[in-house]
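**Student:** Below: sequence and its predicted model.
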Amino acid sequence: MISVIYSPEFLEHNTGYGHPEKAKRLIAIAEALKTVQWQEQIAWQLPTPAESRNVLAYVQQIHTPEHIERIRRVAESGGGYLDGDTPISTRSYEVALLAVSAWLDGVDQVLNHRPAFVLARPPGHHATRDTAMGFCLFSHAAIAAHYALSKPKIERVGILDWDVHHGNGTEAIVTDNPNIAYCSLHQHPCYPYTGTKQGISGKYHNLLNLPLSVGSAIADYQRIFEQEVMPFFDSWQPDLLIVSAGYDANDSDPLAEIALQPEDYAILTKYVLNINKYPLFGLEGGYHLAALARSVLATLSTCL
């Protein structure tokens, strides 16, 4: 079984006409999952209401009060743009808190020895402590990692970010935590134009950025996984692994220029399962609807 944590409320974060990060992304995935032959092995789960688990307290551990208040205030006033790429609507603040709760539920699921996929939006890996950017409001992966470290027997958490864009927010938040390792594979140069360092870095040797050239394909990913990603996590031995699962490295994706195919995510998922048998996947990017849905199916079916 694999848990899929999803709520129709995630569709209520309205980014406006023509924006690539839209509700149809989740609709495409959810509809595709309802057609697979192995759907009886999917445990659909609604996220815990944000108020019930006091999600705001976990967000406040990571983000500044000013950042949180700005998102709340702009949403409450009817919505607007937090930066040129990051619009929010009247329900976006509440939906973003529910998305955080879904990621925390995902941590709980994998601690009960079941892989989990958080089918939520808005995405999160570009959000820094004090800035919303790149479609992202709150840093889900970083919040989930800190939450996991509060649990018994969880001493080290790994974050693998295979979104085609570097997770600058996640990296900035976790870099000074000696118990969290962050590894990103991403196109460079590409938004947000960070993550250029190659090789293991950071005060605690807990960062590994692996820039990929335009046109890179699955053979390039396999080489990098085998030569760099797997040894990095082998040395860390994380008790829990979080995957910032963006699917915008597909050849058909409109926002980048990497040449993966949807079925290639089955190969990447096999590497993940060799790092940790019960990973937590959380949706980040992916903007070609058909490729996005097929890629998520490849990830989930491989976990089964």
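**Tutor:** That came through, no problem. Numbering: from 1, shown residues only.
**Student:** Let's check: the centremost residue of this structure is which one?
**Tutor:** Most central in the chain under C-alpha atoms, centre = their mean is Ser244, positioned 2.9 Å from the mean C-alpha point.
**Student:** What's opposite the nearest residue to Phe232 once chain neighbours are set aside in the beta bridge?
**Tutor:** Sequence neighbours aside, Leu208 is the residue nearest to Phe232 in space, at 4.9 Å (criterion: C-beta to C-beta, 6 or more residues apart in numbering). C-beta here means a position set from N, CA and C on the backbone, and glycine is covered the same way. Beta-bridge partners for Leu208, by DSSP bridges, are Cys183, Ile200.
**Student:** Check the contact between Leu208 and Glu228; I expect there is one.
**Tutor:** Yes - when contacts are counted by C-beta atoms under 8 Å, Leu208 is listed as touching Glu228 (6.7 Å).
**Student:** So for those two, which residue has more residues nearby?
**Tutor:** Taking other C-beta atoms under 10 Å, Leu208 and Glu228 do not tie; Leu208 has more neighbours (24 against 17).
**Student:** which residues sit in contact with the more buried one?
**Tutor:** If you count contacts by C-beta atoms under 8 Å, 6 or more residues apart in numbering, Leu208 has them with Ala181, Tyr182, Cys183, Ser184, Gly199, Ile200, Ser201, Glu228, Val229, Phe232.
**Student:** Buried subset of those residues, written for PyMOL?
**Tutor:** Isolation of the buried members of the contacts of Leu208 (16 or more other C-beta atoms under 10 Å) is achieved in PyMOL through the command below:
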select buried, resi 181+182+183+184+200+228+229+232
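**Student:** Please render the contacts of Leu208 as JSON lines that adds distance to Leu98 and pLDDT to the earlier fields.
**Tutor:** Written out in JSON lines, the entries for the contacts of Leu208 read as follows (distance: C-beta to C-beta, whole Å; pLDDT from 0 to 100):
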{"residue": "Ala181", "distance to Leu98": "28", "pLDDT": "98"}
{"residue": "Tyr182", "distance to Leu98": "25", "pLDDT": "98"}
{"residue": "Cys183", "distance to Leu98": "28", "pLDDT": "98"}
{"residue": "Ser184", "distance to Leu98": "26", "pLDDT": "98"}
{"residue": "Gly199", "distance to Leu98": "38", "pLDDT": "91"}
{"residue": "Ile200", "distance to Leu98": "35", "pLDDT": "97"}
{"residue": "Ser201", "distance to Leu98": "34", "pLDDT": "96"}
{"residue": "Glu228", "distance to Leu98": "35", "pLDDT": "98"}
{"residue": "Val229", "distance to Leu98": "31", "pLDDT": "98"}
{"residue": "Phe232", "distance to Leu98": "33", "pLDDT": "98"}
